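Chemist: This is a predicted model, with the sequence first.
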Amino acid sequence: MKSETRVIKLILISWLTAIVGLQIYIYLLERNYSELLLNELTVFNLPVHFWLTGQFLPLWFIVLCVLFNLWMDRHTSNNLEGTLRFRVRPLSGEKE
């Protein structure tokens with residue numbers, strides 16, 4: 001359980017870092033360069049600030065969710081101590 005909460009904390013910290021970091025990056029681009037240049041920088045034919053906040057952050061969230069699910073699958077398959085396992089008993093006439 002401790003490792004799960006540690007991974008969840010790391011995922012949330014990376015999500016928060018991406019949100020805050022991108023906003024600071026966009027703010028610094030706007031302050032250091034003209035706003036016109038900020039609109040001229042494009043990624044996939046979108047202004048860079050729109051693409052980073054509107055496209056990259058949801059994509060980053062999906063990547064983090066996939067990584068978390070892959071980690072959880074490996075973690076649960078390696079640690080089966082807490083799971084319930086049922087065994088089907090053979091009928092009286094069958095061999096085990």
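Modeler: Sure thing, it's come through.

Chemist: For Leu22, the count of nearby residues, please.
Modeler: 16 (other C-beta atoms under 10 Å). All C-beta spots, glycine's among them, are computed from the backbone N, C-alpha and C.

Chemist: next one: Val66
Modeler: Val66 has 10 neighbours, counted by other C-beta under 10 Å.

Chemist: Check the secondary structure at it for me.
Modeler: Assigned state for Val66: helix (three-state reduction, DSSP: H, G, I helix; E, B strand; the rest coil).

Chemist: quick one: Ser14 and Ile26, what's the gap?
Modeler: 18 Å (C-beta to C-beta, to the nearest Å).

Chemist: Now do the helix of greatest length in the chain: which elements does it pack against?
Modeler: Longest helix in the chain by number of residues (criterion: DSSP state H): helix 2-32. Where contact means 3 or more C-beta pairs under 8 Å, 6 or more residues apart in numbering; DSSP states H and E, helix 2-32 is packed against helix 35-40, helix 48-50, helix 57-78.

Chemist: rerun that using 6 Å as the cut-off
Modeler: Here helix 2-32 touches helix 57-78, going by 3 or more C-beta pairs under 6 Å, 6 or more residues apart in numbering; DSSP states H and E.
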